[in-house]
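S.K.: I need the structure of the sequence given here:
(one chain, ligands or ions: 2)
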Amino acid sequence: MDFRQIIDHLDKKGKLLHVKSEVDCVHELAGIAKKYEGSDKAILFEHVKGKDFPVVIGLWWNREIIGTMFDIPGSEVPAFFGEACKKFKADPQLPVIIENAPCQEVISLKPDLNTLTVPVLALADGGPYFSNSVIIAKDPDTGVRNTSIHRCMIADKNRLGILMDVGRHLRSYYERAEQMGKPLEITINNGVDPAVYVCATLGGIGIDEDELGVASVIRNEPLKLSRSKTVNVEGIAEAQVVIEAKILPGIREPEGPFGEVSGYYATKDDRWVAEVTAITHRANPVMHTLLPGKEVWNTVGTTCEADILSKIQSQVGGIKNVHLPHGNCANYGCVVQMEPTRPGMGKNAMLAAFAAFPPLSMVTVVNSDVNIFDSEDVMRAITTRCDAAKDMILIPNAACHELNPATAFGFGTKIGFDCTVHFGEEARNQKISFLDVDLNQYHIE
Ligand SMILES: Cc1cc2nc3c(=O)[nH]c(=O)nc-3n(C[C@H](O)[C@H](O)[C@H](O)COP(=O)(O)O)c2cc1C
Ligand SMILES: [Mn+2]
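M.R.: Ligands and ions are numbered 1, 2, ... in the order given. Predicted structure coming up:
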């Protein structure tokens, strides 16, 4: 599906605000967006100073908007993504390459990244960032395609700084290409169908699998790819903008700082560099950006909840649901809801959750009378149902997430709170309840 169709669809459903005033790409645009972060409307900035193309933000900062993009209720989003992954595993549907792709209506072989509408977001950011563009590459050994999102800082008109965390498939591709002394060719796709965006963020898809097949499953037709002009790796045929580039072997240059998903700045350091060889785009593209925060937490939250739930349900009985709360930056903490089948199974569920998603630093396990989507209710369970000496566990020197500053760049302590009620203690843990009355039956002024 076309990105512009998605924007129009949101507009028709009353889920899009239009900023008509001209705004500055540096800080001002993000400053306005921040005031609306998490609301049930995305924002289209129609006029950006010195830029030709509008830009949209906020597509992922509220689950109702996400649901609207897929025509499902917001609460069903995690299960919908989980189901698509299952279908993909059973029947991977490969994308197809088409000629005369719409993303190549305009082709520039003398690329200038500064012509694109790429905002500088947080006040201390090191430059304009592609914060949510989808990168496609091919395994240098097997040729299998990979799709993922990596922040890219504009360093010069044809040069980008890029971040590839440990364990990412793109990083493995790059490291093997670099050992051969070769660059890794990529396309950077901006303004794509949200089904493609989901592929780029899904965990649980192996390095030998082409995750773009998940988009084919979601849309029930093979995803269309474009043949690039200067690199041997495809782009998303219906993308608004496709940047063709190669990540250079043996080169590292300063990248950062960048206000990250953790809510803190990732520091400036020498990181990987991509040289841009071409920029192609639609005749009138709408670009896509995000605020690092709720948008990323929802992306990780909605794709990981279904994955963690199915994994731990296959290992431990009595699991009801899981949630990755925003207060834990989604990536770093998980609440598991369950009814233990025998004493101690709360702790087993905790261990299964840690194993299911390595970035987690914290797992909290609660009974089904706790609303796992209400952090206040969860905090009350920790306070009243977890005897720390017996019910809390610490796992030092474990692999966590690189960007969590509580860890030594990903090496740190995991903590688990088993707040399930001890067997025999049910009476003292019965939540108080009141008569559920219908206020319409009363005369109240
Ligand atoms: C908005 C957003 C930005 C991201 N930025 C980065 C990044 O800069 N570097 C990185 O290594 N991973 C980043 N990620 C995470 C990866 O894109 C994600 O884990 C992906 O599924 C990895 O794909 P892979 O399993 O094919 O390696 C980001 C994810 C999102 C949703
Ligand atoms: Mn992958």
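S.K.: going forward, measure contacts between C-alpha atoms and count neighbours the same way
M.R.: Will do.
S.K.: Excluding chain neighbours, what is closest to the residue of the stretch 201-350 of the chain found nearest ligand 1?
M.R.: Here the stretch 201-350 of the chain gets closest to ligand 1 at one residue, Thr201, 3.6 Å apart by C-alpha to the nearest ligand atom. Computed as C-alpha to C-alpha, 6 or more residues apart in numbering, the closest residue to Thr201 that is not its neighbour in sequence is Ser148, at 6.0 Å.
S.K.: three-state assignment of the one you found?
M.R.: strand (DSSP: H, G, I helix; E, B strand; the rest coil).
S.K.: and it, what does it touch?
M.R.: Counting by C-alpha atoms under 8 Å, 6 or more residues apart in numbering, Ser148 touches Val134, Ile135, Ile136, Leu170, Cys199, Ala200, Thr201.
S.K.: So Glu275: helix, strand or coil?
M.R.: strand.
S.K.: Filter the contacts of Ser148 down to just the ones in helices.
M.R.: Among these, the ones falling in helices (DSSP state H) are Leu170, Cys199, Ala200, Thr201.
S.K.: I'd like to know which of those residues is nearest to Thr277.
M.R.: Comparing these against Thr277 with C-alpha to C-alpha places Leu170 closest, at 18.9 Å.
S.K.: That closest one contacts Ala137, correct?
M.R.: Yes - between Leu170 and Ala137 there is a contact at 7.0 Å, judged by C-alpha atoms under 8 Å.
S.K.: how about the strands in the stretch 101-250 of the chain?
M.R.: For the stretch 101-250 of the chain, the strands defined by DSSP state E, counting those that start in this stretch cover 106-108, 129-130, 134-138, 145-149, 152-156, 159-162, 184-190, 224-226, 235-236, 241-255.
S.K.: out of the ones you listed, deepest packed?
M.R.: Scoring the strands of the stretch 101-250 of the chain by mean neighbour count under mean count of other C-alpha atoms under 10 Å gives strand 235-236 as the most buried, with a mean of 30.
S.K.: How far away from the center of its chain is it?
M.R.: Taking C-alpha atoms, centre = their mean, to the nearest Å, one finds the center of strand 235-236 at 19 Å from the center of the full chain.
S.K.: Around ligand 1, pick out the residues from the stretch 201-350 of the chain.
M.R.: Thr201, Leu202, Gly203, Val296, Thr299 (C-alpha under 6 Å from any ligand atom).
S.K.: Need the max-distance pair from the contacts of Ser148.
M.R.: Leu170 and Cys199 (13.9 Å).
S.K.: Count the neighbours of the nearest residue to Lys294 once chain neighbours are set aside for me.
M.R.: Distances taken as C-alpha to C-alpha, 6+ apart place Trp61 nearest to Lys294, at 5.1 Å, with adjacent residues excluded. Residues near Trp61, counting by other C-alpha atoms under 10 Å, number 26.
S.K.: Next up, the contacts around Trp61.
M.R.: Contacts for Trp61 (C-alpha under 8 Å, 6+ apart) come out as Glu37, Gly38, Ser39, Asp40, Ala42, Lys294, Glu295, Val296, Asn298.
S.K.: same thing but 7 Å
M.R.: Contacts for Trp61 (C-alpha atoms under 7 Å, 6 or more residues apart in numbering) come out as Glu37, Gly38, Lys294, Glu295, Asn298.
S.K.: In helices, which of the residues you listed fall?
M.R.: Per DSSP H, those map to helices at Lys294, Glu295, Asn298.
S.K.: Tabulate those (TSV), appending pLDDT and neighbour count.
M.R.: Listed next are these as TSV, based on pLDDT from 0 to 100; neighbours: other C-alpha atoms under 10 Å:
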residue	pLDDT	neighbour count
Lys294	96	23
Glu295	96	23
Asn298	94	24
